Each structure stands twice: as C-alpha cells, then as structure tokens.
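J.: Just the structure for this:
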Amino acid sequence: MKKTIVFSMMVLLGVGLGTKSVLAADETFPKEYNTEGTITFEAGDDEVTPPVDPEDPDPTNPVDPTDPPEPGTGGALSIDYGSKFKFASQKISTADKTYYASPDEMKDGTKKPTYVQVTDKRGTLEGWKLSVSQPEQFKTATDDELVGAELRFTKGSAASSVDSKYMPTTVNSDLVLTPGQTNTVAINAQAGTGVGTWVYRFGSTADENKDAVQLFVPGESVKLAQAYSAKVVWSLENTPDNP
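T.: Numbering: from 1, shown residues only. Below you'll find the model as predicted:
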C-alpha cells in the first residue's frame, strides 16, 4: 500500500513538469485580444440650451438673467438667448447725446456683458449666419418716433468653450443699425466652423460692456417725456452652401 501511494505521487509530478515545459516553449506572453466600444450621435433635439456666462461660456455652468426676453428658438441650430438693451431714464436734452446700455444683470447679483447666444448641435459642420435688424425706429406707445436715433453695437467678439479651430470665419466688431433696412451680418460661420455653443458679446467683461452698446440721439429730435422702445431682431440662417 505504501509503495502504491509513492508511485502515484511521482507520476502526477511528472505530468505537471511536462505541461509546464510545453507552455514555455510554444507560447508568448502577454496575449492580446481586441474588442471595441461604439456610439452613434444624432442631431440635437428641440430642448433650448440655457444661457451661458458670456465671460466664460461653459455650457455646464449656465447663468440666470434677471430679465430674460422670450425663450430661445430651440432646435438643432438655435438662438438660445439675447440680452435686452436698456438705456435707462435720461434727461431731455437739446444737444446731441450718446447713451449706453446697461450690462446684463443676473439673479445672483453679478453683471455680465450683453450678448446673443447661438448653439449648433446638428453635427454636420454646415455653417450658419447670424444677422440683426431693427424693423422700426424707436417709438412711444402712441407711435411718436425718436427721429434720427441710431443704435450702435461695438466691441463685438465671439467666444466659446469649444476648440478655437471652430471659430466662426467672420465676426463683426462694430454694427450700426438703420431702421427698416435689411439684416446686417454679425457672424458668418462658414462650413467647418461654429459648432457647439457660441456667444456674440459686446465687450469681454461687464466693465468693457459699459459703453459698448450705444444709442445716439440728435439734439434736434423732439423728445417726449415718455418711454421709447424698438424691436431688435436677430436672424439665424442655415448656410450649407457657404464654403
């Protein structure tokens, strides 16, 4: 009985040694085996992208304006937000005057440059064009015009958190609107540019913005002791044939 047990242990040991020697001779390590991960993107939905901070346009850190206009357009190519331009209350003067729009105020008490925000989540790199117009002159509620008044935008620039290689091709730093005339191009993002969320801001900081949006009013214009207002229309076009 004792001999049989010893013999069996020697046989098992021999088999183990033989297997080990075959692996060492025929195989190399480490071994590699490839798999893959996949994802497919589609154009974005109608959800409106919230306003971003125009000084640091990071979509993960939105801002909350105190007096926003109507909601953004939504869609895969959209105007998300546009500041109101408030020139406050001014004393009537018979001299030529230039008034300045206030910076945009947020609910947390901070002030930001006035701006317009565009988001392109189509995923096609087809390009787009942002224009602006003023359909009518500044008027009172009873249609009395502020004759000769001229709305001017200065220090215009585009900013985004996406790679700078997607910077829109043309960004107009200065715009002068003529009531009733056709759109004035603010930004032209040719094919291959403008992807993601972009802001068109007037001054890169609230301090720079203080004199960036201007309303010139001739001294000879008749001014009633009333509120005047004018609509500013921002127009966004899909421009796939704009190489």
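
J.: Residue 226 touches residue 146, doesn't it?
T.: No - counting by Cβ atoms under 8 Å, residue 226 does not reach residue 146; the two are 10.1 Å apart. (Glycine included, C-beta is placed from N, CA and C.)

J.: ok, those two, which is more surrounded?
T.: Between residue 226 and residue 146, residue 146 has the larger neighbour count (other Cβ atoms under 10 Å), namely 21 against 10.

J.: so the more buried one sits right up against residue 221, yeah?
T.: Yes - in this structure residue 146 lies within contact range of residue 221 using Cβ under 8 Å: 5.8 Å.

J.: Could I get the full set of helices for this protein?
T.: 2-26, 206-209 (DSSP state H).

J.: Would you indicate which residues of the last one are buried?
T.: Residues of helix 206-209 classed as buried by neighbour count (16 or more other Cβ atoms under 10 Å): 206, 208-209.

J.: ok, those vs residue 140, which is closest?
T.: residue 209 (27.2 Å; Cβ to Cβ).

J.: dump the residue contacts of that closest one.
T.: For residue 209, the contact set (Cβ atoms under 8 Å, 6 or more residues apart in numbering) comprises 103-104, 112-114, 155, 201-203.

J.: In CSV, list the buried residues of helix 206-209 along with distance to residue 235.
T.: CSV is the format used below for these (distance: Cβ to Cβ, whole Å):
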residue, distance to residue 235
206, 27
208, 26
209, 23
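
J.: Quickly name whichever of these is closest to residue 76.
T.: Nearest to residue 76 among those, counting by Cβ to Cβ, is residue 209 at 29.7 Å.

J.: quick one: that closest one from residue 96, how far?
T.: To residue 96, residue 209 is 23 Å away according to Cβ to Cβ, to the nearest Å.

J.: got it, and residue 145?
T.: Applying Cβ to Cβ, the value for residue 145 to residue 96 is 17 Å.

J.: May I see the buried residues of helix 206-209 arranged in a markdown table, with pLDDT as well?
T.: Listed next are the buried residues of helix 206-209 as a markdown table, based on pLDDT from 0 to 100:
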| residue | pLDDT |
| --- | --- |
| 206 | 97 |
| 208 | 98 |
| 209 | 97 |
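
J.: Low-confidence regions, this protein specifically.
T.: Within the chain, the stretches with pLDDT under 70 are 1-25, 242-243.

J.: How many residues are close by residue 205?
T.: By the criterion of other Cβ under 10 Å, residue 205 has 14 neighbours.

J.: That one contacts residue 113, doesn't it?
T.: Yes - look at residue 205 against residue 113 with Cβ under 8 Å: they come within range, at 6.4 Å.

J.: where do the contact lists of the two overlap?
T.: Taking Cβ under 8 Å, 6+ apart as the contact rule, the neighbours common to residue 205 and residue 113 are residue 55.

J.: how about the nearest residue to residue 121 once chain neighbours are set aside, what does it touch?
T.: Spatial nearest neighbour of residue 121, chain neighbours left out: residue 44 (3.2 Å); criterion: Cβ to Cβ, 6 or more residues apart in numbering. Residue 44 makes contact with 75-76, 119, 121-123, according to Cβ under 8 Å, 6+ apart.

J.: quick one: which of the residues you listed has the most company?
T.: Using other Cβ under 10 Å as the neighbour test, those are led by residue 119, with 28 neighbours.

J.: Verify the stated contact: that residue with residue 81.
T.: No - Residue 119 is beyond contact range of residue 81, at 9.7 Å (criterion: Cβ under 8 Å).

J.: Strands along this protein, start to end?
T.: 77-82, 97-100, 104-105, 111-112, 115-120, 128-133, 150-153, 156-159, 170-171, 175-177, 184-189, 196-202, 213-217, 233-238 (DSSP state E).

J.: Alright, calling it a day.
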